[in-house]
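Peer 1: give me a 3D structure for the following:
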Amino acid sequence: MLLRRLVVAVPRSKRFFSSDSSHDLSSSIAELNKEMESVFGEPPPDGFTGCGSNDFMPQQTPNMFQNLGENISGLTHVGSSGEAQMVDVSPKESSKRTATASCKVILGKKVFDLVLANKMAKGDVLSVAKIAGISGAKHTSSLIPLCHNITLTHVRVDLRLNPEDFSVEIEGEAACTGKTGVEMEAMTAVTVAGLTVYDMCKAASKDIQITEVRLERKTGGKSGYWSREEQCGL
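Peer 2: Purely as a prediction, here's the structure:
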């Protein structure tokens with residue numbers, strides 16, 4: 001019965017807004033509210049209003065990129081008109097810069113035991129992942145389009161098996177003396193190492209998870225020293 005009444009009510013309501021009759025908007029809204037009350041037993045919570053407002057008038061869409069440089073000053077890779085850009089670091093002073101990142105690869109007990117015993121078909125998982133992480137750090141600017149091509153002075157990637165949650169914990173560090181930081185190099189190192197662990201182990205399980213890729217700390221540059229442990233009170 002309710003559906004039948006809706007079928008009758010809705011077409012009539014639509015005519016209020018599509019007809020070229022002399023009904024003004026205010027009376028049309030009032031009639032629509034009555035129709036809603038007859039169908040549902042009560043009027044809409046707030047009713048339909050706006051006879052003297054611009055509720056039904058199309059609003060001009062603001063230019064989202066207007067004065068973007070002033071409104072989002074922290075996004076250095078976004079130009080004043082919203083386009084992507086590579087940051088010009090030539091005015092910056094060179095300084096010693098380091099960054100440390102981490103991630104975790106959850107293997108599951110079956111795969112964990114195979115890696116621990118070095119019985120994976122592809123070979124030594126941790127050694128291959130370590131080399132892959134170092135290589136990944138050196139190719140960061142080729143993978144991340146707006147990163148600068150940095151001359152790295154040091155890259156370290158360490159992998160440790162954690163029997164408590166059957167995971168591989170990965171830590172990576174990058175260093176340079178230059179005009180921009182090495183945070184992306186450190187995070188790329190641990191990410192590529194984690195992907196390599198997955199590739200080495202995927203024949204044994206497809207349920208492996210790469211999680212918690214994050215920056216742990218950095219030094220150098222205008223912002224100086226930052227530590228996740230100190231910042232988050234861990």
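Peer 1: which residues does the helix or strand harbouring R156 contact?
Peer 2: Here R156 sits within strand 152-162, counting by DSSP states H and E. Under the criterion C-beta atoms under 8 Å, 6 or more residues apart in numbering, residues 104, 112, 115-116, 126, 129-130, 133-134, 137-138, 167-177, 182, 185, 189-190, 193, 197 lie in contact with strand 152-162. All C-beta atoms are positioned from the backbone trio N, CA, C, and that covers glycine.
Peer 1: which among these end up buried?
Peer 2: Buried members of these, scored by 16 or more other C-beta atoms under 10 Å, are 104, 112, 115, 126, 129-130, 133-134, 137-138, 167-176, 182, 185, 189-190, 193, 197.
Peer 1: and the strand holding R156, C-alpha only, in CSV?
Peer 2: Extracted C-alpha coordinates of strand 152-162, given in CSV (Å, rounded to 0.1, in the frame of the first residue of the first chain):
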residue,chain,number,x,y,z
LEU,A,152,74.3,9.1,-1.0
THR,A,153,77.3,8.7,1.3
HIS,A,154,75.9,5.7,3.2
VAL,A,155,73.0,3.2,3.1
ARG,A,156,72.3,0.6,5.7
VAL,A,157,69.6,-2.1,5.7
ASP,A,158,69.1,-4.5,8.5
LEU,A,159,66.6,-7.4,8.7
ARG,A,160,65.7,-9.2,11.9
LEU,A,161,63.4,-12.2,12.4
ASN,A,162,60.9,-11.7,15.2
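Peer 1: quick one: mean pLDDT for it?
Peer 2: Strand 152-162 shows a mean pLDDT of 98.
Peer 1: sheet partners, orientation included, of that strand?
Peer 2: When pairing is defined by DSSP bridges, strand 152-162 lines up against strand 167-178 (antiparallel).
Peer 1: now the strand it pairs with: mean pLDDT?
Peer 2: According to the model, strand 167-178 has a mean pLDDT of 97.
Peer 1: show me which residues of the helix or strand just after it are buried.
Peer 2: Counting by DSSP H and E, the element after strand 167-178 in chain order, helix or strand, is helix 183-201. Going by neighbour count (16+ other C-beta under 10 Å), the buried part of helix 183-201 is 183-198, 200-201.
Peer 1: so where do the helices sit in this protein?
Peer 2: Along the chain, counting by DSSP state H, helices occupy 2-18, 25-40, 68-71, 109-116, 125-138, 140-143, 183-201, 228-231.
Peer 1: compare these and give me the one nearest R97.
Peer 2: helix 183-201 (8.8 Å; C-beta to C-beta).
Peer 1: in stretch 149-168, what counts as buried?
Peer 2: Of the residues in stretch 149-168, I150, L152, V155, R156, V157, L159, F166, S167, V168 count as buried by neighbour count, 16+ other C-beta under 10 Å.
Peer 1: what's the closest of these to E229?
Peer 2: R156 (18.4 Å).
Peer 1: which residues does the closest one form a beta bridge with?
Peer 2: Beta-bridge partners, per DSSP bridges, of R156: E173.
Peer 1: what of R160?
Peer 2: E169.
Peer 1: from A101, how far off is it?
Peer 2: Per C-beta to C-beta, to the nearest Å, R160 is found 15 Å from A101.
Peer 1: ok, N118 to K104 distance?
Peer 2: Remark: distance between N118 and K104 (C-beta to C-beta) = 20 Å.
Peer 1: circling back: so which of the helices of the chain comes closest to G79?
Peer 2: Short answer: helix 68-71, nearest of the helices of the chain by C-beta to C-beta, at 7.2 Å.
Peer 1: kind regards, and thank you for your time.
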